[in-house]
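[1] Got a predicted model here, sequence first, then my questions.
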Amino acid sequence: MKNIVFFLEEKSAKVFLEIIVNRLKTKYDNYDTNFYFITFEGKSDLLKKYIKKIKHWNLPNSNFLIFIDEDNNKCIDLKNKIKNELQSNNLGNTIIRIACKELESFYLGDLKAVESVYNVNNLARHQNKKLYRQPDFYPDPKGRLIKLTDNNYQEVDGSRKIADYINLDLNINKSSSYNCLLKSIIKYI
């Protein structure tokens, strides 16, 4: 039995990924992998503690996936920093995935899911407009999502609801970082 351990900076990512993983396990009819979700108190807490957590993880056949928001960092710099720390501690069984800019970029990449959850009429037809074609580059995805949903989007509840509707087929979502994360999860299932 394989074990995949997610290290997450916030509860909304945990809620989202638990649902996505369960949907993927059902889709691929594969239940031979256990998934664990460890939530930290934000990015700085995760970056302080993940090395120690990995080193002290006692379950054999475990791989780790660190998932954090890019926020105001440069994606490649953040990834290289984590990668260098992992290498210097001989922890090669870890994948790093970064949401560019933040988790809400994934949701802007699938406006059909947002439309379904929040009953925003005709929202999905805007998916190919410049603003939504590459949501990973939008400077404030959370703020945009709040506006689109008439202030109804809340991080944890919204993540839970959208996870039920977001498309699980590769390269349908306009967020490249979502597709990259999805490919990594599918690889383990």
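    Received the coordinates, thanks.

[2] show me the biggest helix of this protein in terms of residues.
    helix 11-27 (DSSP state H).

[3] Pull up the pairing partners for the next helix or strand after that helix, direction included.
    Next along the chain after helix 11-27, taking DSSP states H and E as the criterion, comes strand 33-39. Strand 33-39 pairs in its sheet with strand 2-8 (parallel), by DSSP bridges.

[4] And the contacts of the partner strand?
    Here strand 2-8 makes contact (Cβ atoms under 8 Å, 6 or more residues apart in numbering) with 14, 17, 32-40, 46, 50, 53, 57, 59-68, 185, 188. For every residue, glycine as well, the C-beta is placed using N, CA and C.

[5] Drop anything exposed from these.
    Taking 16 or more other Cβ atoms under 10 Å as the criterion, what is buried in the contacts of strand 2-8 is 14, 17, 33, 35, 37, 39-40, 46, 50, 57, 62-68, 185, 188.

[6] Any chance you could list what contacts the longest helix of the chain?
    For helix 11-27, contacts defined as Cβ under 8 Å, 6+ apart pick out 6, 8, 31, 33, 35, 37, 39, 67, 99, 103, 106, 155-156, 158-160, 162-164, 166, 168, 182, 185-186, 189.

[7] Would you mind measuring from Asn151 to Ile38?
    As judged by Cβ to Cβ, to the nearest Å, Asn151 and Ile38 stand 31 Å apart.

[8] let me fix that: Lys83
    Computed as Cβ to Cβ, the Lys83 to Ile38 distance reads 19 Å.

[9] So for the strand or helix carrying Arg97, mean pLDDT?
    Secondary structure from DSSP H and E places Arg97 in strand 94-99. Regarding strand 94-99, the rounded mean pLDDT is 95.

[10] Could you check that strand and say which residues are buried?
    94-99.

[11] do the same with stretch 179-189
    Going by neighbour count (16+ other Cβ under 10 Å), the buried part of stretch 179-189 is 179-182, 184-185, 188-189.

[12] now do stretch 75-91
    78-79, 82, 86.

[13] Check whether Tyr165 really touches Tyr118, as I assumed.
    No: assessed by Cβ atoms under 8 Å, Tyr165 is found out of contact with Tyr118, at 10.2 Å.
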